[in-house]
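Visitor: coordinates only, sequence not included:
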């Protein structure tokens, strides 16, 4: 089954949503850690990661259902006894990819439940899902054309970069450099999947780009680098906007801090003010 533009765009949107969300959340979390001496993750961080897991589960389930039950899909049939051959392995490839992201989302949710899974298991499950995705795309080619192989080889580079950064986060948690690198890899994956859709199956119809023209390979290699430059520009813009938002909120509310992971304002001086009131009441009693 050839790659469809809609399927490639939907997969790209999945990674773009997480990349854009992280490009805002991680800088805000970093700014909050700079002004907070708390070593334990705040309630807002836990809610944000629980929400991420739920969104991941939703998208993964939707992806599996779409891949399996579209009119041309395999409908959970893997082998045909009539033709004695495999049936539509491409949807099964993508269903397998979504399956591991589904497991990653479930681990994210359970990690913030009363079960209290070991710290870092959520990052490990995400790294495993990305490694599986990279493995599947290493051997995913709809034809023997060089351009098809080259497009997916570039995609695999972005996938394994994200998998490596997620694996390092198992041991070095809440490191802004690793989080930024992982975010950039997700943005690159998402935009490049859209690019693959435009190259192999243009939405306006037609056979796609010339698979035998070597100049297309040269151009797309440069285009891959441009995609990464755009991802870095998005990261820089969202980081600058997060910093401006943080500073303006502090100027506006004074001693009111911002729970940056969920946008809720909280009072930094609750403990100190309560202690002051307690001391005053004690003196009055005397």
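Guide: Noted; the coordinates are in hand. These numbers come from a predicted model, not from an experiment. Numbers count the residues shown, from 1 in each chain.
Visitor: all contacts plus neighbour counts: C-alpha atoms, from now on.
Guide: OK.
Visitor: pLDDT weak spots in the stretch 51-200 of the chain?
Guide: Within the stretch 51-200 of the chain, the stretches with pLDDT under 70 are 141-144.
Visitor: The closest residue to residue 145 other than its chain neighbours: what's it in contact with?
Guide: Excluding its sequence neighbours, the residue lying closest to residue 145 (C-alpha to C-alpha, 6 or more residues apart in numbering) is residue 211, at 5.9 Å. With contacts defined as C-alpha atoms under 8 Å, 6 or more residues apart in numbering, the neighbours of residue 211 are 145, 146, 147, 148.
Visitor: Now do the SS call for residue 211.
Guide: coil (DSSP: H, G, I helix; E, B strand; the rest coil).
Visitor: ok, residue 186 - contacts?
Guide: Contacts of residue 186 (C-alpha under 8 Å, 6+ apart): 15, 16, 18, 19, 158, 159, 162.
Visitor: Show me which of those is closest to residue 47.
Guide: Of all the contacts of residue 186, the one with the least separation from residue 47 (C-alpha to C-alpha) is residue 18, at 15.6 Å.
Visitor: for the closest one, helix, strand, or coil?
Guide: Note that with three-state DSSP, the state of residue 18 is helix.
Visitor: contacting residues around it?
Guide: Contacts for residue 18 (C-alpha under 8 Å, 6+ apart) come out as 183, 186, 187.
Visitor: Any chance of the backbone angles for residue 73?
Guide: Reported as degrees, to the nearest 10, the phi and psi values for residue 73 are phi -80, psi 170.
Visitor: How many neighbouring residues does it have?
Guide: Residue 73: 19 surrounding residues under other C-alpha atoms under 10 Å.
Visitor: How about residue 79?
Guide: Residue crowding around residue 79 was assessed by other C-alpha under 10 Å; the count is 14.
Visitor: Contacts only, for it.
Guide: Under the criterion of C-alpha under 8 Å, 6+ apart, the neighbours of residue 79 are 85, 86, 87.
Visitor: hang on, the last one packs against residue 75?
Guide: Just to be clear, that refers to residue 87. No. Using C-alpha atoms under 8 Å as the test, residue 87 is too far from residue 75 to be in contact (9.9 Å).
Visitor: so residue 34, which of the three states?
Guide: The three-state label given to residue 34 by three-state DSSP is helix.
Visitor: okay, it: pLDDT?
Guide: Among the per-residue scores, residue 34 holds a pLDDT of 73.
Visitor: Against residue 28, how distant is it?
Guide: In this structure, residue 34 lies at 10 Å from residue 28, with C-alpha to C-alpha, to the nearest Å as the measure.
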